[in-house]
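> 3D, please:
(chains A, B, C and D)
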Number of protein chains: 2
Amino acid sequence: MDTAIGARPGAGRVTIADVARAAGVSIPTVSKVINQRDGVAQGTILRVQEVVEQLGYETSLVARSLRSSRTGVVGILVTEFEPFSTELLRGVSGATTGTGYELLAYAGLVTGAEQKGWERRSLSRLSGTLIDGAIVVTPSTALSASSIPVVAIDPHTGPEGHATVDSDNEGGAVQAVEHLVALGHTRIAHLRGRPDLASAQLREAGYRRALVAAGLDVDESLVQDGGYQEDRSAEVALALLSGPDRPTAVFAANDSSAVGVLRSAAALGLRVPEDLSVVGFDDVPQAATTTPPLTTVAQPLVELGSHAVEMLLAMLRGDQTSDHVRLPTTLRVRQSTGPVPTPDR
Amino acid sequence: MDTAIGARPGAGRVTIADVARAAGVSIPTVSKVINQRDGVAQGTILRVQEVVEQLGYETSLVARSLRSSRTGVVGILVTEFEPFSTELLRGVSGATTGTGYELLAYAGLVTGAEQKGWERRSLSRLSGTLIDGAIVVTPSTALSASSIPVVAIDPHTGPEGHATVDSDNEGGAVQAVEHLVALGHTRIAHLRGRPDLASAQLREAGYRRALVAAGLDVDESLVQDGGYQEDRSAEVALALLSGPDRPTAVFAANDSSAVGVLRSAAALGLRVPEDLSVVGFDDVPQAATTTPPLTTVAQPLVELGSHAVEMLLAMLRGDQTSDHVRLPTTLRVRQSTGPVPTPDR
DNA sequence: CTGTTAGCGCCTTCAA
DNA sequence: TTGAAGGCGCTAACAG
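As a prediction, this is how the structure comes out:
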């Protein structure tokens, strides 16, 4: 089925050279046909196209990238694929469909100490070449001097040198705490998120603001670090809930942390919400599958992703675009929160 | 088009040549230091490393890929990022973490007619160069002669030329239908999935087998195509449920289809589960967030992804590995199914 | 209209 | 121990 000439069965990729040889033309001619540039005879075009079809040739993204600056691919960079980033991914995917761009999601998958600066590394690895623009999720540092347009979702704290998409973190936190206060809770703990992210700081600020507004003191011993991580939060919660004067409610900085709290509560024999109320943040789909289903502050994750794409595409077109978008949050009351328990004694 | 202004050379990527110049050595020397090959003086190594650090140099994935065959990146290819593929992605991500590989998820984002063969195209674009191995999700065709190791999740029907991971589709379908039969349903419709996928065929086979086993006839008018798609399924369901002798239960080939059915049922004023029972397949996290929460056949999606990675990594190591893994499915009963309604008349 | 020449950024001989 | 030369697959300028 292959023309006898270069196409050994089982050999690697078919390259543009294979096509050129089989079609009896030069390599640049094939390139022109493929990229639909004019200056090629109709007959040649047809012959080349036929060979391309027959050999199943497809241009190498890599080689093309190296040569020409535009690739028609946008990238989204994440540390790993977990519920938060995959929800964003859905939004990004939906908004990119039909734009002519393809989508490349890249996970550095680094752990521990190397984590810091992962996005700069990944961006360097891919930019200038593979992707035309990038969306970076929860960057651990500001990515000011990048060679390609960049939009950050849930950005780093500090000065922003680039476009940014986030949601009303502080307002969401206030809603969460007000909800708990309305249920009669006064000892409300907070598990902080990643300290380098603006979202975590704003959620803590909202927590404090709502407590003060309700005339409650902030007990600093009830404010602990969960790092947005389930395991870490579970550990911290274990200590927090084993103490003598334990909180009756926990506002976790995200859903993962809340799941950690739920786990520790279960381990300690505390019933949720009878003995302990728990509120999360994000409203990842998994929040509805916990036992009990989690009350949480919903971020419009899919919209966050699609807005980021729209901004990025505008930047790629060279259009003017706002460099900051903030979307609203809403409290989603499920079954992990209830009235403050009556004291045991 | 590039923006005319931002493209000044100084602002672009830092290349190996920049490092070499700054360190006062030649390019190959820098290359050796970076790739930790020996044959470089200790002093030179340190100097180069310092410059690398200082300039924030990171080797271009693209350029390296083009030259050397190994990249340390595995790819997962999907048509788009939706709940099914993102759950797999989570599994893939988790299993890849700590292996030293990075993860590249690629979505062709093609629609309509071009869809067919997307994976061959994407694979060609990336393989031989960018990625060392690939996981392909729901391929629309057999990918026999690929130049890199490939594992398919939820494969195409027909002869398999490569490793494959799937779950017990037929058994799951049987469980779903048995559940409905046990509730007293006799008019059970089925919305088929993508006809090119083995999973869809097996789910239909299971549906038919369970009906026959229960002594029920298969009413062919109740078997319709949903294509695994929500919108398509909603349309079909609308017709199906508007008819005179409508089914009292629907077994949808996946959760997306089931959501479509739920939508149409709501539009028709049918209560679920009082008037109509609905069962899905997959147990995507979103299945718990529907109204009412969806009874569905759970596939271990995360495990499917992690098994695929393990097989792929084994292949990359050159180890012997089984070329087929099948995982069990379990019925997850939520609130979209109930006893057969008493006739209206 | 077509082919030749030159790289893109990097890595790999091989010679100095 | 270091550097010069060549080439991965492709595309952009030019030359024929």
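> A:Q299 and DNA strand C, how far apart?
In this view, A:Q299 and DNA strand C are 37 Å apart by C-beta to the nearest atom of the strand, to the nearest Å. For every residue, glycine as well, the C-beta is placed using N, CA and C.
> Report the contact partners of the residue lying closest to that residue once chain neighbours are set aside.
Of all residues not flanking A:Q299 in the chain, A:S167 sits nearest, at 4.4 Å (C-beta to C-beta, 6 or more residues apart in numbering or on different chains). Applying C-beta atoms under 8 Å, 6 or more residues apart in numbering or on different chains to A:S167 gives the contacts A:299-300, A:304, A:326-329.
> again, but for A:S233
Shown here is A:S233, whose contacts under the criterion C-beta under 8 Å, 6+ apart are A:191, A:226-227, A:252, A:256-261.
> Pipe these into CSV and attach secondary structure and pLDDT per row.
As requested, the contacts of A:S233 are exported to CSV (DSSP: H, G, I helix; E, B strand; the rest coil; pLDDT from 0 to 100):
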residue, secondary structure, pLDDT
A:L191, strand, 98
A:G226, coil, 97
A:G227, coil, 95
A:A252, strand, 98
A:S256, helix, 97
A:S257, helix, 98
A:A258, helix, 98
A:V259, helix, 98
A:G260, helix, 98
A:V261, helix, 98
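> Mind picking the one among those that's closest to B:A176?
Sorting those by distance to B:A176 puts A:V259 at the head of the list, at 28.5 Å, by C-beta to C-beta.
> burial count for that closest one?
Close neighbours of A:V259, defined as other C-beta atoms under 10 Å in any protein chain shown, add up to 24.
> Quick check: the gap between the nearest residue to it once chain neighbours are set aside and DNA strand D.
Residue nearest to A:V259 in three dimensions, not counting chain neighbours: A:E230, with 5.3 Å by C-beta to C-beta, 6+ apart. For A:E230, the distance to DNA strand D under the criterion C-beta to the nearest atom of the strand works out to 43 Å.
> The residue nearest to A:R125 when sequence neighbours are not counted: what's it in contact with?
With C-beta to C-beta, 6+ apart as the measure, B:L61 is the residue that lies nearest to A:R125, at 4.3 Å, once sequence neighbours are left out. B:L61 makes contacts with A:125-126, A:129-130, B:71, B:73, B:130, as judged by C-beta under 8 Å, 6+ apart.
> now B:L61: how far from B:S68?
Taking C-beta to C-beta, to the nearest Å as the measure, B:L61 and B:S68 are separated by 11 Å.
> now do A:T291
Here the criterion is C-beta to C-beta. By it, A:T291 lies 50 Å from B:S68.
> Likewise for A:K32?
When distances are taken as C-beta to C-beta, A:K32 and B:S68 turn out to be 29 Å apart.
> between these two, which one's more packed in?
More neighbours sit around A:K32 than around the other of A:K32 and B:S68, counting by other C-beta under 10 Å; the figures are 18 against 10.
> roughly how far out does the host helix or strand of A:V174 sit from the chain middle?
Here A:V174 sits within helix A:169-182, counting by DSSP states H and E. When C-alpha coordinates are averaged (C-alpha atoms, centre = their mean, to the nearest Å), helix A:169-182 and its chain have centres 24 Å apart.
> Against which helices or strands is that helix packed?
strand A:188-192, helix A:198-213, strand A:249-252, strand A:277-282, strand A:295-298, strand A:330-332 (3 or more C-beta pairs under 8 Å, 6 or more residues apart in numbering or on different chains; DSSP states H and E).
> Could you grab the helix/strand/coil label for A:T321?
With DSSP: H, G, I helix; E, B strand; the rest coil as the basis, the three-state label of A:T321 is coil.
> Run a quick neighbour tally on it.
Other residues within reach of A:T321 by the criterion other C-beta under 10 Å amount to 17.
> Nearest spatial neighbour of it, chain-adjacent residues omitted?
The shortest distance from A:T321 to any non-neighbouring residue, by C-beta to C-beta, 6+ apart, is to A:A314 (4.0 Å).
> In helices only, show me the contacts of B:L61.
When the contacts of B:L61 are checked against helices (DSSP state H), the matches are A:125-126.
> how about low-confidence regions in chain A?
In the predicted model of chain A, residues A:1-12, A:112-115, A:127-128, A:144-145, A:159-160, A:343-345 satisfy pLDDT under 70.
> at 50 instead, please
Scanning chain A for pLDDT under 50 picks out A:1-11, A:345.
> Centroid-nearest residue for it?
Residue closest to the average C-alpha location in chain A (C-alpha atoms, centre = their mean): A:S85, at 3.2 Å.
> and that one, which of the three is it?
Following three-state DSSP, we place A:S85 in the helix state.
> what's stretch A:38-56 in contact with?
Under the criterion C-beta under 8 Å, 6+ apart, external residues in contact with stretch A:38-56 comprise A:2-3, A:7, A:14, A:18-19, A:22-25, A:29-30, A:32-34, A:57, B:120, B:124.
> Could you show which parts of chain A are in contact with DNA strand D?
A:12-13, A:15-17, A:27-28, A:31, A:34-35, A:37, A:57, A:59-60, A:63-64, A:66-68 (C-beta under 7 Å from any atom of the strand).
> Of those, select the buried ones using a PyMOL command.
Selection command for PyMOL covering only the buried members of the residues of chain A next to DNA strand D, criterion 16 or more other C-beta atoms under 10 Å in any protein chain shown:
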select buried, chain A and resi 13+15+16+31+34+57+59+60+63+64+66
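> Give me the subset of the residues of chain A next to DNA strand D that lies in helices.
A:16-17, A:27-28, A:31, A:34, A:63-64, A:66-67.
> who's in contact with the closest residue to DNA strand C within the stretch 151-300 of chain A?
The minimum distance from the stretch 151-300 of chain A to DNA strand C, using C-beta to the nearest atom of the strand, falls at A:H162 (21.7 Å). Contacts for A:H162 (C-beta under 8 Å, 6+ apart) come out as A:142-144, A:146, A:150-152, A:323.
> In chain A, which residue sits nearest DNA strand D?
Proximity to DNA strand D, evaluated over chain A using C-beta to the nearest atom of the strand, is greatest for A:I16 at 2.7 Å.
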